[in-house]
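Student: Sequence first, predicted coordinates after that:
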Amino acid sequence: MPDLSLLPPSAVIAGEDLRIGGCLLSEVATEFGTPAYVFDEQALRERAAEYLDAMTTRHPRSRACFAVKAFPSVAMIRVLAESGLGCDVVGAGELRLALAAGADPATIVMHGNAKSDDDILAAIDARIGYIVVDGFDDIDRIEQLASRPTPVLLRVSPGVESATHAALATGGKASKFGVPVEQVPDAIARMRSVPMIDLHGLHAHIGSQILGTEQFEAAVEALASLERFEVYDFGGGLGVRYVPEDVAPSLAEYADRLVGAAHKHLGEDIEILIEPGRSMVARAGLTLYRVVTIKQAGRLHVAVDGGMGDNLEHSLYGQRFTPLVVGRWDSELVLADLVGRHCESGDVLTPDVPLASPRIGDLVVVPATGAYCFTMANNYNAALRPPVVFCAGGKARLGVRRESFDDLLAREVALL
């Protein structure tokens, strides 16, 4: 029988089918079509509660803000905001989604390495919790645009070269994000000269898909070498399992190391913010496809009705996944490339993967696609972006509808 440990916790085999959140995936596919992003809604709520418990039991003055970039959807943000999370947004667009979802502005943090005037104004007008100053240009913009004292944090580039894909590392010495440690005193002095800036603390985020908790400790230690403040935002970045051999820290391990380092280097009389994204939503989600074509051409290509239009992780980062052919639990395994329908040789969901006797029309589940796949969905070959379906208590509901061809044409002024 297949390993279900990468799927949402509610996943159970039901004969030749699979249940998620009590819903049969064959029925989800019939009702909503494929490809589709499918979420275990209760798993999302439980993960949020687990994060809050892990942090507040170790440090009562803690707050977890969902990194909206991991899944920028009103439906998703609403579930997590209802579960007690704040929001970490990048720019006015993500801020607008968070506000539409009902997130409390006071729990919202906005960062970004190149904020525009519109971004800054949107944050000021919404009276969000903190604007994260990423450089001296942010200081200038706030000085020019703010009409009342604006609470801010200063993002520091701590010089931590995180062990992750180069495109996911954000805290190294050459990073485009934050202010290098040696420039921090000047940035602080500049902010303190601006009456409309109310500096509360420091921020650091060292990257994404980080599996070694010692790297978070190094970031805390780097911040401790600077002037002390009342608020510290340690960002997100905790990694998750994508294939069975991956080993990811538990939330308890992560919180022990992070809070322990904060208490050791910064003391206990501080407020701690974290910004979980991937580790909040990845495992709770999967993508559901149907097999369209099977072709032997030097290697076996099993093509589904989606691909790089709904999952760019392998194309961009080389990320591997562990797909399952629904219902063929005890069938012979064949080694294949699971590919998409797009006209691009790089349209590969995961290569050299064992699949159980796939046939045209079979449902294929790709686990752990709850983070960043929806974020980077696109219209390659004018494909329609998939719907988002939430399953809970045996009922499936639509969170985001499938894109339509009318949507594709809506911005074409030649048709007006």
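Tutor: Sure, I can see it.
Student: Within the helices and strands, which one has the residue nearest to residue 359 when sequence neighbours are not counted?
Tutor: Nearest residue to residue 359 in three dimensions, chain neighbours excluded: residue 291, at 6.6 Å (C-beta to C-beta, 6 or more residues apart in numbering). (Glycine included, C-beta is placed from N, CA and C.) Assigned by DSSP states H and E, residue 291 falls within strand 285-296.
Student: So which other helices or strands are in contact with that strand?
Tutor: Identification of packing neighbours for strand 285-296 by 3 or more C-beta pairs under 8 Å, 6 or more residues apart in numbering; DSSP states H and E yields helix 25-32, strand 36-40, strand 300-304, strand 363-367.
Student: Which among the ones you listed is found nearest to residue 116?
Tutor: strand 36-40 (29.7 Å; C-beta to C-beta).
Student: Apart from its neighbours in sequence, what residue is nearest residue 148?
Tutor: residue 196 (6.9 Å).
Student: any idea how far residue 86 is from residue 152?
Tutor: As judged by C-beta to C-beta, to the nearest Å, residue 152 and residue 86 stand 16 Å apart.
Student: related to what we said a few turns ago, partner strands of the strand holding residue 291 and their direction?
Tutor: Partners of strand 285-296 in the sheet, by DSSP bridges, are strand 36-40 (antiparallel), strand 300-304 (antiparallel), strand 363-367 (antiparallel).
Student: give me every residue that touches the residue nearest in space to the middle of the chain.
Tutor: Centroid-nearest residue in the chain, with C-alpha atoms, centre = their mean: residue 70, separated by 2.2 Å. Neighbour list for residue 70: 277, 278, 280, 281, 282, 371, 372, 375 [criterion: C-beta atoms under 8 Å, 6 or more residues apart in numbering].
Student: quick one on the thing from earlier: what's the most buried one of the helices and strands packed on strand 285-296?
Tutor: strand 36-40 (a mean of 27; mean count of other C-beta atoms under 10 Å).
Student: before we move on, back to that, make TSV out of the helices and strands packed on strand 285-296 and add distance to residue 323.
Tutor: As requested, the helices and strands packed on strand 285-296 are exported to TSV (distance: least, C-beta to C-beta, whole Å):
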stretch	distance to residue 323
helix 25-32	13
strand 36-40	14
strand 300-304	9
strand 363-367	5
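Student: if we can go back for a sec, residue 29: which of the strands paired with strand 285-296 is closest?
Tutor: Among the strands paired with strand 285-296, strand 363-367 comes nearest to residue 29, with 5.8 Å by C-beta to C-beta.
Student: still on that earlier bit, confidence score at the residue nearest to residue 148?
Tutor: pLDDT recorded at residue 196 is 96.
Student: how long is stretch 118-134 from one end to the other?
Tutor: Start-to-end span of stretch 118-134 (C-alpha to C-alpha, to the nearest Å) is 16 Å.
Student: Quick one: mean pLDDT over it.
Tutor: For stretch 118-134, the per-residue pLDDT averages 97.
Student: now it, how far from the centre of its chain.
Tutor: Counting by C-alpha atoms, centre = their mean, to the nearest Å, stretch 118-134 is centred 21 Å from the centre of its parent chain.
Student: for that stretch, which positions count as buried?
Tutor: Within stretch 118-134, the residues that count as buried by 16 or more other C-beta atoms under 10 Å are 119-124, 126, 128-134.
Student: what's the answer for stretch 67-84, then?
Tutor: Within stretch 67-84, judged by 16+ other C-beta under 10 Å, the buried ones are 67-81, 83.
Student: and it, average pLDDT?
Tutor: Per-residue pLDDT over stretch 67-84 has a mean of 98.
Student: quick one, which of the strands paired with strand 285-296 is nearest to residue 319?
Tutor: Of all the strands paired with strand 285-296, strand 363-367 comes closest under C-beta to C-beta, at 11.0 Å.
Student: buried stuff in the helix or strand harbouring residue 46?
Tutor: Element membership for residue 46, per DSSP H and E: helix 41-56. Buried residues in helix 41-56, counted by 16+ other C-beta under 10 Å: 41-48, 51-52, 54-56.
Student: Compute the inter-axis angle for it and strand 36-40.
Tutor: 60 degrees (axes from the mean of the first three to the mean of the last three C-alpha atoms, to 10 degrees).
Student: Can you name every helix or strand that helix 41-56 contacts?
Tutor: So helix 41-56, by 3+ C-beta pairs under 8 Å, 6+ apart, packs with strand 62-67, helix 74-82, helix 251-266, strand 271-274, helix 278-281, strand 388-392.
Student: Would you convert the ones you listed into TSV that also reports distance to residue 319?
Tutor: Shown next, in TSV, are these (distance: least, C-beta to C-beta, whole Å):
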stretch	distance to residue 319
strand 62-67	18
helix 74-82	20
helix 251-266	21
strand 271-274	23
helix 278-281	11
strand 388-392	20
